[in-house]
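K.L.:
Quick one, fold the following:
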Amino acid sequence: MKPLCFERKILSQGELDGACFIYAIANAFLCLTGRRPTQHKWDKAIDVLPFKEDFLKGGTGTERCFDSETNMGDVVSNVLQQFSIGTKINKFEVSFYPKVNNKQDIFNLITYNALTIFCIDQEHWVVGSSFSKEEGILYITCSSQLTENSLYYEKSDNEFGRPYNAFFKNKILNCKGTVFQIIQKNANQ
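P.N.:
Sure, this is the predicted structure:
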C-alpha cells in the first residue's frame, strides 16, 4: 500500500525560524487569504516587531510585549500589513478579547472572513481557524504539529475550507488575555 501523499499548506515553526506568535499570524493570513507569506515578506514582518529578538527565544516570546505598554493588536496588524504588501489583500481588522477563555466564545469570533489567534497555556500561539458546534470541536492551525507529531496530518474544515492540523475538545482553553480576532475586510473583493 502506498503512503498517502498531500501538499502541506500550513507553515511550520523552524521553516523560517522558531517564533510561534509570528507563525500564528502567518497561518491566520494563509487561512483567510489562501496565500503563504514569502520569505521576503516574512523578513519585513520581523523588522516591524517590537523586541524582535524576544520572539525568537523559546522562553520569552511575547511575554515582554504583554508586560510593556505595547499594543499587541497593533503588532498583529503591522505583521498582516507586511504580508499583504503587493497584493489586493490589504485590509484587516484586529480586535483583542482579554476575557475570552472558552470554546463557545471563540466559536462566536470565527466567521467566513474572521478567525482567532491565541496562546494556549501561556506558552504556544495557534490559530482558531474553524469549529464544529455539533461535535464541540475547535479546529486549530498549529505551527509546531509537524515537529511535535509523528502522525502529522492536514485537513480542511467543512464550513470554511481552511486548513487545520489539530483540534481542541475541552471546554476551557486556558488562553485568557491572549485572544485576538482577525477579520479580513475585503474578503469578497
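
K.L.:
For this structure, which segments count as strands?
P.N.:
Here the chain has its strands, by DSSP state E, at 92-97, 114-120, 124-132, 137-141, 155-156, 163-164, 166-168, 179-184.

K.L.:
could those go into JSON lines alongside distance to Phe83, mean neighbour count and mean pLDDT?
P.N.:
(C-beta placed from N, C-alpha, C; glycine too.) JSON lines is the format used below for these (distance: least, CB to CB, whole Å; neighbours: other CB atoms under 10 Å; pLDDT from 0 to 100):
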{"stretch": "strand 92-97", "distance to Phe83": "9", "mean neighbour count": "18", "mean pLDDT": "96"}
{"stretch": "strand 114-120", "distance to Phe83": "13", "mean neighbour count": "23", "mean pLDDT": "95"}
{"stretch": "strand 124-132", "distance to Phe83": "14", "mean neighbour count": "25", "mean pLDDT": "94"}
{"stretch": "strand 137-141", "distance to Phe83": "15", "mean neighbour count": "23", "mean pLDDT": "95"}
{"stretch": "strand 155-156", "distance to Phe83": "21", "mean neighbour count": "14", "mean pLDDT": "94"}
{"stretch": "strand 163-164", "distance to Phe83": "16", "mean neighbour count": "24", "mean pLDDT": "95"}
{"stretch": "strand 166-168", "distance to Phe83": "22", "mean neighbour count": "18", "mean pLDDT": "91"}
{"stretch": "strand 179-184", "distance to Phe83": "11", "mean neighbour count": "23", "mean pLDDT": "97"}
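
K.L.:
To Lys9, which of these lies closest?
P.N.:
strand 163-164 (4.8 Å; CB to CB).

K.L.:
give the contact list for the residue positioned nearest the centre of the chain.
P.N.:
By CA atoms, centre = their mean, the chain has its centre lying nearest to Ala24, at 2.8 Å. Residues near Ala24 by CB atoms under 8 Å, 6 or more residues apart in numbering: Ile117, Trp125, Val126, Val127, Thr141, Ser143.
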